[in-house]
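**Q** Any chance you could fold what I've pasted below:
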Amino acid sequence: MAVASGRGLLAAALAVAWISSAAADAMSSSEQAGSIRKPINCMPCSRKYVGDAFLDISTCQLDQRRHLAETLYSGGLCNGLADDLDVPTLSELHRQLVGEGSHRRLVYSMKFGAFQDAVLSFLDSYDAHLVVIEKLPNGVFADPFELQHFVERKVFLDVSVFGDTNLELPSALSNRSAVEFHVDLRSSTSANNNLVIDLPLHARYPPLDASGYATVEFGSPDLFLRYHKKKVHSGPCLWALKNLDAAPVEKAVWRVPCGDEAHIGLVSSMTFLSALICSVSIVLAALIF
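**A** Residues are numbered from 1 along each chain as shown. Below is the predicted model:
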């Protein structure tokens, strides 16, 4: 009888210990999940572009070592901006270069995972913009004046080019640049949550190469969803900024035609001879007539 009672007490003790251990593990996991949960980022409404702090003003070069999210506000100032909010998420992203020669278009195809009714409900209460930041490789540039026409035609809500905007420099003398453009998310609701965006790009004159082509490669873009309530009654006006965490897209590779160094002598001679013949012809025409 005593043996049975002892076994019962031992079993009860083991059960209590197991339950306590399980509860402690669950609490530890919960605390760990809370500690690794990324705080939402935000920025003041007066700041137009996310990439402002991503540009090194002293060198006019992009600081590739800093992540864009590091330049934004986080913590207590941004608390409450995304509590129990069903924000549209990006489910698919594709990107490809379209066109030929030195003028191409970078085409983005995106699909948002939420149902169309859910996106419409979200847009009824929030101003929401898709922010795309494309870091251009050396040898490729975007024309700010051309992009302003896209803003005038309501293709983009806003656009800015950071970095080297000297369009006349060849690739060897230019620095890198980046393009930030904003798109109204409401335009995706008319196409079953699909969004297609064209970004016109141009190639600079590349260095000479025996292969006849210079290869430039695009990395993955940064994509954010920027939103705030349409009616802000009190407190500072802040944009909530959600990183869409786009998976690495297919690498876009551009083979830019370039000159062959072996042809320098021939091309220079032909150019000089042509210029000389034209000059002599102009002088003779002026003397005769």
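**Q** Leaving out sequence neighbours, find the closest residue to Val151.
**A** Leaving aside its chain neighbours, Val151 sits nearest to Val159 (5.7 Å; criterion: Cβ to Cβ, 6 or more residues apart in numbering). Placement of C-beta: from N, CA and C, glycine included.
**Q** For the closest residue to Val249 other than its chain neighbours, what are phi and psi?
**A** Closest residue to Val249 apart from its sequence neighbours, by Cβ to Cβ, 6+ apart: Arg95 at 4.8 Å. Main-chain torsions, Arg95, degrees, to the nearest 10: phi -150, psi 140.
**Q** Could you give the number of residues near the residue nearest to Val151?
**A** Residues near Val159, counting by other Cβ atoms under 10 Å, number 22.
**Q** For it, which residues are in contact?
**A** Pro144, Leu147, Gln148, Phe150, Val151, Val179, Glu180, Phe181, His182 (Cβ atoms under 8 Å, 6 or more residues apart in numbering).
**Q** ok, now Asn243?
**A** Asn41, Ala69, Asp222, Leu223, Phe224.
**Q** Who does it form a beta bridge with?
**A** Phe224 (DSSP bridges).
**Q** Give me the pLDDT value at Trp18.
**A** With respect to pLDDT, Trp18 scores 51.
**Q** again, but for Lys230
**A** 81.
**Q** Surely it is in contact with Tyr126?
**A** Yes: using Cβ atoms under 8 Å, Lys230 is in contact with Tyr126, at 6.5 Å.
**Q** These two: who's more crowded?
**A** Per other Cβ under 10 Å, whichever of Lys230 and Tyr126 has more neighbours is Tyr126, with 17 against 11.
**Q** Now that one, what are its backbone angles?
**A** Dihedral angles for Tyr126 - degrees, to the nearest 10 - are phi -130, psi 140.
**Q** If we ignore the residues flanking it in sequence, what's nearest it?
**A** Tyr227 (4.5 Å).
**Q** Now do the one you found against Leu273, distance only.
**A** Distance, Tyr227 to Leu273, using Cβ to Cβ, to the nearest Å: 63 Å.
**Q** neighbour-wise, which of these two wins?
**A** Per other Cβ under 10 Å, whichever of Tyr227 and Leu273 has more neighbours is Tyr227, with 24 against 10.
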